[in-house]
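**Q** sequence plus the predicted model coming up.
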Amino acid sequence: MDVKRIAILGSTGSIGRQTLDVIRAFPLRFQVVALAAGKNLEMLQAQIAEFRPSLGACDGLLSNGAYTLVSLEEMASHPQVDMVVVATAGKAGLSPTLTALRAGKGVALANKEVLVMAGEIVMTEAKKAGVQIRPVDSEHSALWQCLQGEDRKVIFRLILTASGGPFRHLSLEEMARVTAEEALHHPTWLMGQKVTIDAATLMNKGMEAIEAHWLFEVPYSQIEIAIHPQSIVHSLVEFVDGSLKAQLGPPDMRLPIQYALTYPQRWANTQLPRLSSLVDLHFSSPDLKRFPCLRLALEAGEVGGTMPSVLCAADEVAVGLFLAGRIGFMDIPRLVEGVLGAHSNIVQPTLESILAADVWAREWLQVRI
């Protein structure tokens with residue numbers, strides 16, 4: 001039995017921890033050879049003690065252990081690694097993802113910014129290396145599963161579902177008064193702080209549309225968003241003959257994580273939840289006036305170039321300010337729109353110009369707050 005050797009970048013975050021849950025269920029089929037984290041050194045130490053990787057990476061100092069401290073890029077391309085799970089947040093995942101692809105490693109991608117910022121560059125590198133990027137987001141995993149065995153030429157549209165977050169019934173005036181604590185209380189998913197706020201603003205769904213555009217080579221005109229509060233249907237594909245395929249399951253990230261790790265096989269895992277019954281399923285269209293972040297993300301994706309990089313940077317700064325209590329909830333789209341409006345887009349960007357646009361957007365915001 002072949003053992004898959006796994007590197008997890010962002011092992012102490014929500015996706016990283018749930019990836020380790022999946023690996024625990026198959027101790028003879030997976031080997032954790034590398035773990036990387038940011039500042040949560042206590043949790044990383046506990047993970048290292050349990051899984052005994054040979055490689056480690058972090059933002060701080062770790063006590064001595066039987067592992068070698070390396071950079072994320074060294075970890076992503078190391079000969080001991082078969083598959084890299086990119087579960088880091090923000091632009092930190094971009095360089096190691098490209099490094100892993102160039103080294104021919106399998107990539108299970110859970111970092112939105114990698115494709116939003118540099119989708120064309122990343123997908124070009126994947127094609128050069130003959131590597132299929134395996135999406136970990138529940139929505140993209142759903143689309144990926146629905147498209148198995150299908151000719152991409154017969155796609156009529158992709159339909160990404162969104163729970164709508166905790167504020168889907170609030171007015172604009174009510175949303176202006178919501179607190180960070182309220183925004184972090186997602187009705188169906190348990191996620192990290194940044195993505196939870198993005199789910200509340202629907203920014204995450206706009207970013208997911210950009211990801212879907214690159215992953216499945218579908219134009220934006222054929223990508224739609226549907227509000228689905230139950231979070232049971234994770235996405236749908238409609239084909240040119242009018243038929244629809246959907247992937248359903250409980251709102252649990254371990255399901256798409258396991259599919260990415262075990263593809264093309266499906267492994268029985270009794271620890272994962274199952275749908276015991278189907279509740280009433282409801283769908284509606286998003287309100288772009290009440291959720292302008294979705295509109296801004298879709299527009300940035302359509303424009304392309306360095307605009308999506310600016311979008312990511314501005315959103316990250318704005319969400320951080322909101323979580324710190326320095327701005328209101330509806331100030332997030334206001335700030336993001338201001339940065340996008342001030343940016344001089346580069347239509348055919350290099351990796352360097354994409355990263356420079358990220359830096360510019362952060363600096364532009366910092367001097368105006």
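**A** Perfect, thanks for sending it. Numbering: from 1, shown residues only.

**Q** so where's the stretch 1-150 of the chain shaky on pLDDT?
**A** Residue ranges of the stretch 1-150 of the chain with pLDDT under 70: 1, 60-66.

**Q** where exactly do the helices run in it?
**A** 14-24, 41-51, 72-76, 94-102, 112-129, 138-146 (DSSP state H, counting those that start in this stretch).

**Q** what's the most buried one of those helices?
**A** Of all the helices of the stretch 1-150 of the chain, helix 138-146 has the most neighbours on average by mean count of other CB atoms under 10 Å, namely a mean of 25. For the C-beta atoms, the positions are set from N, CA and C on the backbone; glycine is no exception.

**Q** other SSEs contacting that helix?
**A** Judged by 3 or more CB pairs under 8 Å, 6 or more residues apart in numbering; DSSP states H and E, helix 138-146 is in contact with strand 133-135, strand 155-162, helix 203-216, strand 233-239, strand 244-248, helix 254-262.

**Q** and the angle from the longest one to strand 155-162?
**A** So the one you mean is helix 203-216. 150 degrees (axes from the mean of the first three to the mean of the last three CA atoms, to 10 degrees).

**Q** and the following helix or strand past helix 203-216, how far from the chain's centre?
**A** Moving toward the C-terminus from helix 203-216, the next helix or strand (DSSP states H and E) is strand 223-227. Centroid separation for strand 223-227 versus its chain: 17 Å, with CA atoms, centre = their mean, to the nearest Å.

**Q** give me the angle between strand 223-227 and helix 203-216.
**A** Using the same axes, to 10 degrees: strand 223-227 against helix 203-216 is 140 degrees.

**Q** same for strand 223-227, what does it pack against?
**A** For strand 223-227, the packing partners by 3+ CB pairs under 8 Å, 6+ apart are strand 155-162, helix 203-216.

**Q** most tightly packed of the ones you listed?
**A** helix 203-216 (a mean of 25).

**Q** what angle separates it from helix 112-129?
**A** Going by the same axes, to 10 degrees, helix 203-216 makes 0 degrees with helix 112-129.

**Q** and helix 203-216, how far out from the chain middle?
**A** 9 Å.

**Q** re earlier: can you lay out the helices of the stretch 1-150 of the chain as JSON lines showing distance to Ala246?
**A** Output for these, formatted as JSON lines (distance: least, CB to CB, whole Å):
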{"stretch": "helix 14-24", "distance to Ala246": "23"}
{"stretch": "helix 41-51", "distance to Ala246": "35"}
{"stretch": "helix 72-76", "distance to Ala246": "33"}
{"stretch": "helix 94-102", "distance to Ala246": "29"}
{"stretch": "helix 112-129", "distance to Ala246": "22"}
{"stretch": "helix 138-146", "distance to Ala246": "7"}
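
**Q** between the ones you listed, which one is closest to Glu302.
**A** Nearest to Glu302 among the helices of the stretch 1-150 of the chain is helix 112-129 (12.8 Å), distances taken as CB to CB.
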